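S.K.: Give me coordinates for this.
(one chain, ligands or ions: 1)
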Amino acid sequence: MSASSPRRAEDTEEFSAGEKPIRYIIQNLERTYGVPLNKRTSDPLDMLVKIILSQATSDTNSERTFAALKKRFPTWDAALRARESTIAETIRAGGLANQKAKVIKGLLRQLTEQHGEISLNFLHEMKAAEAVAYLKQFRGIGPKTIACTLLFACRQEVFPLDTHIFRILRRVGLIPQKCTDERAHQLMNALVPEGKFYSFHVNLIRHGRALCRPREPLCERCPIVEYCDYGNWKI
Ligand code: SF4
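M.R.: From the prediction side, this is the model:
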């Protein structure tokens, strides 16, 4: 049996993780890994482009490509005036350059058409659900990118799931085994208690690196084993 699924619900509208004591899960992770705080806001457009550039590459690479992009195009207007191929050339080192350049250029163009200026600062004033709905309209920008932008730049309560978080939540039983990205994000947005989005996100990443690894998770040492479907099956 794979390390990801002892027993699982399919993705249905009825799926509920309501019986899972999520507050204890969050609390136990905080006892183990600390209480990370999301203190600052930042420019949401810069953050969105950073997250686009971070896809399918390392943090170091994506930071380098973002720095290269800002150096070559000191303003987003300058990037909009550039050819898509020039943007792609500038971010080549981060991989998927043509695809990312298309998304970035499309985003800049659409913002100019809609607002007459290239900015997403108005997201700071929106409610989380409204901001999610707004960002969904852009091509190539999925639920994780949206959630990261809103959580990290605007401190809004939207929960991003990456590959590692998906793995842990499936093992624990907080999301169904078969579940679209969008559905998983919806389920978690409804489940995570207010004020705990950032802490839970960061600590799940820490937990995925430390114990709940892709292969051979260390369930014997896990602080949330009592709440985990996979851990209960394994031990
Ligand atoms: S018990 Fe802990 S380490 Fe094991 S699968 Fe569950 S969350 Fe991961």
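S.K.: Over in the chain, which residue gets nearest the ligand? Let me know.
M.R.: Nearest residue of the chain to the ligand, counting by CB to the nearest ligand atom: residue 231, 2.5 Å away. C-betas here are computed from N, CA, C, even on glycine.
S.K.: Identify the spatial nearest neighbour of that residue, chain neighbours not counted.
M.R.: Closest residue to residue 231 apart from its sequence neighbours, by CB to CB, 6 or more residues apart in numbering: residue 225 at 3.8 Å.
S.K.: list the contacts for that neighbour?
M.R.: The contact partners of residue 225, by CB atoms under 8 Å, 6 or more residues apart in numbering, come to 219, 231-232, 235.
S.K.: farthest-separated two in those?
M.R.: Across the contacts of residue 225, no pair lies farther apart than 219 and 232, at 8.9 Å, counting by CB to CB.
S.K.: of the two, who's got more company?
M.R.: residue 219 (19 against 15; other CB atoms under 10 Å).
S.K.: just checking, that one touches residue 234?
M.R.: Yes. Proximity of residue 219 to residue 234 meets the contact threshold set by CB atoms under 8 Å, at 5.2 Å.
S.K.: can you pull the contacts of the residue most central in space within the chain?
M.R.: Centroid-nearest residue in the chain, with CA atoms, centre = their mean: residue 160, separated by 3.1 Å. Neighbour list for residue 160: 143-144, 147-148, 151, 185, 201 [criterion: CB under 8 Å, 6+ apart].
S.K.: ditto for residue 155
M.R.: When contacts are counted by CB under 8 Å, 6+ apart, residue 155 touches 38, 41, 198.
S.K.: And it, how far from residue 216?
M.R.: 36 Å (CB to CB, to the nearest Å).
S.K.: same question, residue 20
M.R.: Residue 20 sits 24 Å away from residue 216, going by CB to CB.
S.K.: ok, which residues in this structure are in contact with the ligand?
M.R.: 168, 171-172, 211-212, 217-219, 222, 224-225, 228, 230-231 (CB under 6 Å from any ligand atom).
S.K.: Any chance of those residues in a markdown table with pLDDT and secondary structure as columns?
M.R.: Shown next, in a markdown table, are the residues of the chain next to the ligand (pLDDT from 0 to 100; DSSP: H, G, I helix; E, B strand; the rest coil):
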| residue | pLDDT | secondary structure |
| --- | --- | --- |
| 168 | 98 | helix |
| 171 | 97 | helix |
| 172 | 96 | helix |
| 211 | 98 | coil |
| 212 | 98 | coil |
| 217 | 97 | coil |
| 218 | 97 | coil |
| 219 | 97 | helix |
| 222 | 98 | coil |
| 224 | 97 | coil |
| 225 | 97 | helix |
| 228 | 96 | coil |
| 230 | 96 | helix |
| 231 | 94 | helix |
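S.K.: possible to save these as a markdown table with distance to residue 55?
M.R.: A markdown table is the format used below for the residues of the chain next to the ligand (distance: CB to CB, whole Å):
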| residue | distance to residue 55 |
| --- | --- |
| 168 | 20 |
| 171 | 24 |
| 172 | 25 |
| 211 | 26 |
| 212 | 23 |
| 217 | 25 |
| 218 | 29 |
| 219 | 30 |
| 222 | 29 |
| 224 | 29 |
| 225 | 32 |
| 228 | 29 |
| 230 | 28 |
| 231 | 31 |
